[in-house]
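A.B. asks: Structure for this input, please:
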Amino acid sequence: MAKNRGYVRLLYHILFFLKLLIVLKNMDNMLYYMLVMEPVYTAIFYVFSFISVYVQIFFLMTYLEKKRHIVHHPENLELLNYPTVTVAVPCYNEEATIDKTVKSLLALDYPKDKIKIFLIDDGSRDNTWNIISGFDNGENILAFKKENGGKHTALNLALEKSTAEFFGCLDSDSLVHPQALKRILSYFQNDPKTMAVAPSIIVYNPKNILQYAQNVEYDMSVYTKKMLGFMGGIHVTPGPFSIFRKKVFDDLGPYHKAHNTEDQEIALRMQENGYKIDHCPDAYVYTNTPDSVMKLYRQRIRWIYGFIKNLVDYRRLLFKKEYGTVALFTLPSGIVSIIGVIFLSVNIVANIVRFLYHKIIQIQTVGLDSVLSFNYKFDWFFVSTKAVLFLAIILYILVIISVMIGRKMAEGKSGFTFSIFYFIIIYSVVAPFWMMRAIYNAIISKESSWTFERRITK
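C.D. replies: Model (predicted):
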């Protein structure tokens, strides 16, 4: 009987709470927001801030523990042996950049009889074919022309033609450092279990504020990718010069279309099958990056869209201990990042709307002249001491540290760069838009083609 009375009291309290919410909902909207929604938003904000700080500290602790294991190769590295390598360069309307790309491959410090370069024209409509066919010597450089089918089909054509022990791809708007191939192959020779090695990608010749901001992002990614390499959590083998043992494709099959992000899908497929992926921080690849906000916006939509779709395709990996770091840390961190950006964007917009609402009320109450009059005097008493402010400060300090470490690893330069502010400001404003659009595109399954992106990033 007493137990039943307890259930009745519990039900009564639940009904009372629901009734209170209904009453509050019918009150002034701002009062409802202050009493109910603002604490909820604050709690969520604390959660995402804590997770972000935790991730950055986790990377930093990994770096401090493993930094002595970061290999710095000599300028003129010599390998114990020189295995055969095929490098595929898929092209679509690349007449402006393909010449430099091929010449950078020809300048690789590697025996010419051990490397084959396959240039694949994926149905270009410009002068790309005439340029790449001029490099075809019938021996170590071969040019192929095919109907347009997407980057993955061009790579698979190269895979069919390749008989080498190692296989790699180089995007046709990128350049390689002369020592890059040797440095990457040293990882394979040092560890027979290594099945793929990703390089460090650096922005080539940044010219405007947007490209300097991207340079900061790429420097930070060098640091995070190496830390993920230490933990076995790399989920992308980027198109610019990631090198694989050919056995990977013999065992797991060729590239898939994978929502036009085949470099993410093949890495996830490898992780699912327990194939080790590492990162070589001093194997430099220089890539051309978008020089306008719209081009960057379209590029990132494709990247985030591909991540979401591949995440759905490989959802079976999530939180499964047998799949290691990529399942327990990398993919969940990506999910948290997407949700966090969306939440922060909504929260910022809500705060702006609330600010404007209060200003309108203030103008209606005391007049425009009183609002426009500026007689501000700084007082430490009014400085916010909320924990979230300190979390934000700590997070930005950790981000700056990660950029500086990545910059040291990628460019050999230490110290602070003012471009960090470009990165923080520009990405804080623009990233929410491409994130929201990518999510919308993923919901309706609207993907951008590889050929379309190649056109708009020129």
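A.B. asks: Tell me if I'm right that Cys169 and Leu157 touch.
C.D. replies: No: using C-beta atoms under 8 Å, Cys169 is not in contact with Leu157; the gap is 11.9 Å. Using the backbone N, CA and C atoms, a C-beta is placed for each residue, glycine as well.
A.B. asks: Tell me how far Asp278 lies from Phe307.
C.D. replies: For Asp278, the distance to Phe307 (C-beta to C-beta, to the nearest Å) stands at 21 Å.
A.B. asks: To clarify, my last question referred to Met435.
C.D. replies: 11 Å.
A.B. asks: When Cys169 and Leu157 are compared, which one has more neighbours?
C.D. replies: It is Cys169, of Cys169 and Leu157, that has more neighbours when counted by other C-beta atoms under 10 Å, with 28 against 19.
A.B. asks: can you count the residues close to the closest residue to the more buried one other than its chain neighbours?
C.D. replies: Closest residue to Cys169 apart from its sequence neighbours, by C-beta to C-beta, 6 or more residues apart in numbering: Ala88 at 5.1 Å. Neighbour count of Ala88, defined by other C-beta under 10 Å: 23.
A.B. asks: Secondary structure element holding Ala88?
C.D. replies: strand 85-91 (DSSP states H and E).
A.B. asks: Kindly report the same for Ile425.
C.D. replies: Residue-wise, Ile425 maps onto helix 419-444 under DSSP H and E.
A.B. asks: packing partners for that helix?
C.D. replies: Contacts defined by 3 or more C-beta pairs under 8 Å, 6 or more residues apart in numbering; DSSP states H and E place helix 419-444 against helix 209-231, helix 293-313, helix 331-366, helix 387-411.
A.B. asks: The third one versus helix 209-231: what angle between them?
C.D. replies: Going by axes from the mean of the first three to the mean of the last three C-alpha atoms, to 10 degrees, helix 331-366 is angled at 140 degrees with respect to helix 209-231.
A.B. asks: just for the stretch 301-450 of the chain, where's the confidence low?
C.D. replies: 364, 367-388, 448-450 (pLDDT under 70).
A.B. asks: let's see it at 90
C.D. replies: 335-399, 407-419, 421, 424-437, 439-441, 443-450 (pLDDT under 90).
A.B. asks: Apart from its chain neighbours, what residue comes closest to Phe423?
C.D. replies: Phe423 sits nearest to Val216 (C-beta to C-beta, 6+ apart), 3.9 Å away.
A.B. asks: nope, Thr261 is what I meant
C.D. replies: Using C-beta to C-beta, 6+ apart, the nearest residue to Thr261 is Gly306, at 2.7 Å.
A.B. asks: got a list of what Ala164 touches?
C.D. replies: Taking C-beta atoms under 8 Å, 6 or more residues apart in numbering, we find Ala164 in contact with 83-86, 116, 246.
A.B. asks: Redo the residues you listed as CSV? Include pLDDT and distance to Gly415.
C.D. replies: Below are the contacts of Ala164 laid out as CSV (pLDDT from 0 to 100; distance: C-beta to C-beta, whole Å):
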residue, pLDDT, distance to Gly415
Pro83, 97, 39
Thr84, 97, 42
Val85, 98, 36
Thr86, 98, 40
Lys116, 97, 41
Lys246, 97, 42
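A.B. asks: Longest strand in this protein, please.
C.D. replies: Counting residues, the longest strand in the chain under DSSP state E turns out to be strand 276-287.
A.B. asks: That strand - what's its average pLDDT?
C.D. replies: Averaged over strand 276-287, pLDDT sits at 96.
A.B. asks: chain center to it: distance?
C.D. replies: Strand 276-287 sits 15 Å away from the centroid of its parent chain (C-alpha atoms, centre = their mean, to the nearest Å).
A.B. asks: could you check the angle helix 387-411 makes with that strand?
C.D. replies: Using the same axes, to 10 degrees: strand 276-287 against helix 387-411 is 80 degrees.
A.B. asks: mind listing what strand 276-287 pairs with, with the direction of each?
C.D. replies: strand 174-176 (antiparallel), strand 194-203 (parallel) (DSSP bridges).
A.B. asks: what comes up buried for stretch 166-178?
C.D. replies: By neighbour count on 16 or more other C-beta atoms under 10 Å, the buried set for stretch 166-178 is 166-177.
A.B. asks: Can you report how many residues neighbour Ile348?
C.D. replies: For Ile348, using other C-beta under 10 Å, the count is 13.
A.B. asks: picking that back up, just the CA coordinates for the longest strand of the chain, please, in PDB.
C.D. replies: Written as PDB, here are the backbone C-alpha positions of strand 276-287 (Å, rounded to 0.1, in the frame of the first residue of the first chain):
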ATOM      1  CA  LYS A 276      47.900  -0.100 -39.300                       C
ATOM      2  CA  ILE A 277      48.000   3.500 -40.600                       C
ATOM      3  CA  ASP A 278      50.800   5.800 -39.600                       C
ATOM      4  CA  HIS A 279      51.800   9.400 -40.300                       C
ATOM      5  CA  CYS A 280      55.100  10.800 -41.400                       C
ATOM      6  CA  PRO A 281      55.300  14.500 -40.200                       C
ATOM      7  CA  ASP A 282      58.400  15.400 -42.400                       C
ATOM      8  CA  ALA A 283      57.000  14.000 -45.600                       C
ATOM      9  CA  TYR A 284      55.900  17.300 -47.000                       C
ATOM     10  CA  VAL A 285      53.200  17.800 -49.600                       C
ATOM     11  CA  TYR A 286      52.300  21.300 -50.700                       C
ATOM     12  CA  THR A 287      48.700  21.800 -51.900                       C
END
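A.B. asks: Kindly provide the distance from Trp153 to Pro254.
C.D. replies: Wrong residue type there; residue 153 is Thr, not Trp. 9 Å.
A.B. asks: I should have written Lys66 there, sorry.
C.D. replies: 34 Å.
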